[in-house]
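>>> Got a sequence here, can you model it:
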Amino acid sequence: MPLSPNPPNSQQSTVALALVRLLEHTRRRVRDGIRSGHTFEMQARHAAWLTDYPLPAVLADELGVRRLGDAPIAALTPPVLLALVDAWRVAGGVGGRPLSVATVAKRKSTLGRALRLAVQRGELGAMPQMPEIGQPPLRPRQRVLRTHAELRQLLAALEPRRADWVSVAVWTCQRPGDVERMRWSDVDLHARVPAMVIRSTKTRRPHGIRCKVPQPLVHALRERLARLEAAGTPPSPTDPLVDPWPGVSRLLPLVCVRVGLPPMSAMDLRHTGFSWMVRRRGITRAAQEWGGWSDFDMLSRYYAHALPPGLDQAADELASIVDDETNRGDA
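Take a look at the predicted model:
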């Protein structure tokens, strides 16, 4: 889909032009480091599909066009949008097969973002009400490292530079792309309390937050730094913290299976870190901020399975405040 140099005027604004403007907007955010290139690629695929989508006969007659991309954005009223979503659910896939609920939600989200930008540009008077899509319940992640011993088992099966990659992914709880965006300037191993900057480009947090480096990661990074210095290649502040790992999502599961672990993807390392965090401390405000979630709902939907289940333990936690006060008094 070609990108036009100038914004269309309100009389000419079609769905196709609105989607072009959405991609221009997202491409700028990728260039500024706010969104990832993978986000742009996924959005471009959805935009191309929406542009070329052949309208059902009833909608084509009502709108006077055959493709969704040729329809004026002002014609996308709530009834039309609802009819579109229903059509995608019934026969929006390859060969007329139904689309999954998740795919319908992503296509609707892409179209909604394009319309929202059109409202901001003054090409659309108001944002139409988008139809609700009932999402299936999230299944808890099962493919996580259950113990630190399993992590050590995985690290021992990898060459040092790949073990470093896994350590950073687990102990920073970042997405794979954000792991590889880290630079040596993002960590301070010489401070009294070693600190690091973590990011979440998917949630538009390009500048990151500063937090303490977990002690196991301090040891791993100091060992990595010592190896690089011994090899005569000390890193500069702008060098990547870890070596890029092309094909990690294909190769890592094979290594896991070879050593008797579940076939985990790179994202499962992030879920491992958060599962451990929730297991030890519960669903906290700090965990929410670390992961970049806007509220507790998504955090709890994904990680409630990691919470300690026993009511006896809950009673002990409740009573522990007495022990805390006693210990402070003894001090």
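>>> Only C-alpha atoms from now on, for both contacts and neighbour counts.
OK.
>>> Work out for me the element residue 211 sits within.
Secondary-structure assignment from DSSP states H and E places residue 211 in strand 205-212.
>>> Residue 122 too?
For residue 122, there is no enclosing helix or strand under DSSP H and E.
>>> and if you look at residue 23?
Assignment of secondary structure by DSSP H and E places residue 23 within helix 15-31.
>>> could you point out which element follows that helix?
Counting by DSSP H and E, the next helix or strand C-terminal to helix 15-31 is helix 37-52.
>>> Which residues in that following helix does the neighbour count mark as buried?
Within helix 37-52, the residues that qualify as buried are 37, 40, 43, 44, 46, 47, 50, 51, counting by 16 or more other C-alpha atoms under 10 Å.
>>> Which strands or helices does the helix or strand just after it pack on?
Proceeding N to C from helix 37-52, the next assigned helix or strand is helix 57-63, under DSSP H and E. The criterion is 3 or more C-alpha pairs under 8 Å, 6 or more residues apart in numbering; DSSP states H and E, and there are no helices or strands that helix 57-63 contacts.
>>> Need the CA coordinates for helix 57-63. CSV is fine.
Extracted as CSV, the C-alpha positions of helix 57-63 are listed here (Å, rounded to 0.1, in the frame of the first residue of the first chain):
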residue,chain,number,x,y,z
ALA,A,57,-23.6,-7.8,-1.2
VAL,A,58,-25.9,-6.1,1.2
LEU,A,59,-23.2,-3.7,2.5
ALA,A,60,-21.9,-3.2,-1.1
ASP,A,61,-25.3,-2.1,-2.3
GLU,A,62,-25.8,0.2,0.8
LEU,A,63,-22.4,1.9,0.5
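>>> buried residues in it?
Neighbour counts over helix 57-63 (16+ other C-alpha under 10 Å) mark 59, 63 as buried.
>>> for the stretch 101-250 of the chain, which spans come out with low pLDDT?
With pLDDT under 70 as the threshold, the stretch 101-250 of the chain has low-confidence stretches at 134-142, 201-206.
>>> Take the buried residues of helix 37-52 and write them to CSV, including pLDDT and distance to residue 96.
Listed next are these as CSV, based on pLDDT from 0 to 100; distance: C-alpha to C-alpha, whole Å:
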residue, pLDDT, distance to residue 96
37, 77, 30
40, 88, 26
43, 92, 22
44, 94, 22
46, 95, 17
47, 95, 19
50, 95, 15
51, 95, 17
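>>> Give the full set of residues in contact with residue 92.
The contact partners of residue 92, taken as C-alpha atoms under 8 Å, 6 or more residues apart in numbering, are 98, 99.
>>> Now do it against residue 37, distance only.
Applying C-alpha to C-alpha, to the nearest Å, one obtains 26 Å for the distance of residue 92 from residue 37.
>>> Name the nearest residue to residue 213, sequence neighbours excluded.
Distances taken as C-alpha to C-alpha, 6 or more residues apart in numbering place residue 195 nearest to residue 213, at 5.0 Å, with adjacent residues excluded.
>>> if I read this right, the one you found contacts residue 210, doesn't it?
Yes. Taking contact to mean C-alpha atoms under 8 Å, the distance of 6.7 Å between residue 195 and residue 210 places them in contact.
>>> More neighbours: these two, which one.
When residue 195 is set against residue 210 and neighbours are counted by other C-alpha atoms under 10 Å, the residue ahead is residue 195, at 18 against 14.
>>> What does the more buried one show for phi and psi?
The phi and psi values for residue 195, taken as degrees, to the nearest 10, are phi -130, psi 160.
>>> Show the end-to-end separation of stretch 174-191, please.
Looking at stretch 174-191, the gap from its leading to its trailing residue is 22 Å under the measure C-alpha to C-alpha.
>>> Now do the buried residues in it.
By neighbour count with 16+ other C-alpha under 10 Å, stretch 174-191 contains the buried residues 174-184, 186-189.
>>> How about stretch 193-200?
194, 195, 196, 197, 198, 199, 200.
>>> again with stretch 29-36
Using 16+ other C-alpha under 10 Å as the test for burial, stretch 29-36 gives 29, 30, 33, 34, 35, 36.
>>> CA atoms only for that stretch - export them in PDB, please.
These are the backbone C-alpha positions of stretch 29-36, laid out as PDB (Å, rounded to 0.1, in the frame of the first residue of the first chain):
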ATOM      1  CA  ARG A  29       6.600   6.000  16.100                       C
ATOM      2  CA  VAL A  30       8.800   3.100  15.100                       C
ATOM      3  CA  ARG A  31      11.400   5.500  13.900                       C
ATOM      4  CA  ASP A  32      11.200   7.400  17.200                       C
ATOM      5  CA  GLY A  33      11.600   4.100  19.200                       C
ATOM      6  CA  ILE A  34       8.100   4.200  20.600                       C
ATOM      7  CA  ARG A  35       6.700   1.200  18.800                       C
ATOM      8  CA  SER A  36       8.500  -1.900  17.500                       C
END
